[in-house]
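S.K.: have a look; sequence and predicted model below, questions after that.
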Amino acid sequence: MSLADRIQQHFQDSAQTKLAALATMAVPIEAATRRMVASLKAGGKVMACGNGGSAADSQHFAAELLNRFEKERPPLAAIALTTDTSTLTSIANDYRYEDVFAKQVKALGRAGDVLLAISTSGNSPNVIEAIHAAHARGVAVVALTGRNGGKIAALLGSDDIHLCVPAQRTARIQEVHLLTIHCLCDGIDALILGETQ
């Protein structure tokens, strides 16, 4: 296969994965958007966490809310739990890496807040611990996963929302994660600005 053919295949696979995900993800993405807006309007915040590319997605999402997405609006309360290297390294050094997000949720999370927990595999131990901490604090969980949702799928309660990409390949899952984040940001703006119901 030529390099040009490989590139074309990536584009085709990405498009097909996104269209396949639409059937199962549109309704829960709407529910997650409404949950986040309800929290923000009530004075709450959205916290986000994940590892590697999912850490970058957490930061991307928080930046779009704090600053702006595509339209002018007041800043919204969001924080990526992946950005403070002193906090992350002190927790990992003094306790264990599995606690790097959970301790932040315990300190910062309040009932009515939302945790966006991102894990491509659904098996990230530190994201799982963050979900446990969120449940203990009355923080709603929106889990963004792939494949079959991994261990995270079994942790979610009836009040949580699971956005699971029905794909196996990490790159394709992450591409749908980014699209999902943009859908959340657009939907939040539309509801906040009164452009949709």
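M.R.: Alright, I've got the coordinates. The shown structure was predicted, so the numbers you read here are calculated from the model rather than taken from an experiment.
S.K.: now do the contacts for residue 49.
M.R.: Going by C-beta atoms under 8 Å, 6 or more residues apart in numbering, residue 49 touches 55, 58, 80-82, 101, 104, 115-118, 126-127, 130. C-beta here means a position set from N, CA and C on the backbone, and glycine is covered the same way.
S.K.: and residue 95, by the same measure?
M.R.: The contact partners of residue 95, by C-beta under 8 Å, 6+ apart, come to residue 103.
S.K.: what's the residue closest to the geometric middle of this structure?
M.R.: Of all residues in the chain, the one closest to the mean position by C-alpha atoms, centre = their mean is residue 116, 3.9 Å from it.
S.K.: could you list the paired strands of the top strand by length along the chain along with their orientation?
M.R.: Looking across the chain with DSSP state E, the single longest strand is strand 140-146. Take DSSP bridges as the rule and strand 140-146 pairs in its sheet with strand 114-118 (parallel), strand 161-165 (parallel).
S.K.: got the contact list for whichever helix or strand comes after it?
M.R.: Toward the C-terminus, strand 140-146 is succeeded by helix 150-155 as the next helix or strand (DSSP states H and E). For helix 150-155, the surrounding residues in contact (C-beta under 8 Å, 6+ apart) are 117, 119, 121-124, 127-128, 131-132, 143, 145, 162, 164.
S.K.: change it to 7 Å
M.R.: 117, 119, 121, 122, 123, 127, 128, 131, 143, 145, 162, 164 (C-beta atoms under 7 Å, 6 or more residues apart in numbering).
S.K.: a markdown table for the contacts of residue 49, including secondary structure, distance to residue 155 and pLDDT?
M.R.: Putting the contacts of residue 49 into a markdown table (DSSP: H, G, I helix; E, B strand; the rest coil; distance: C-beta to C-beta, whole Å; pLDDT from 0 to 100) gives the following:
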| residue | secondary structure | distance to residue 155 | pLDDT |
| --- | --- | --- | --- |
| 55 | helix | 20 | 98 |
| 58 | helix | 18 | 98 |
| 80 | strand | 21 | 98 |
| 81 | coil | 18 | 98 |
| 82 | coil | 20 | 98 |
| 101 | coil | 14 | 98 |
| 104 | helix | 18 | 98 |
| 115 | strand | 12 | 98 |
| 116 | strand | 15 | 99 |
| 117 | strand | 9 | 98 |
| 118 | strand | 14 | 98 |
| 126 | helix | 13 | 98 |
| 127 | helix | 10 | 98 |
| 130 | helix | 11 | 98 |
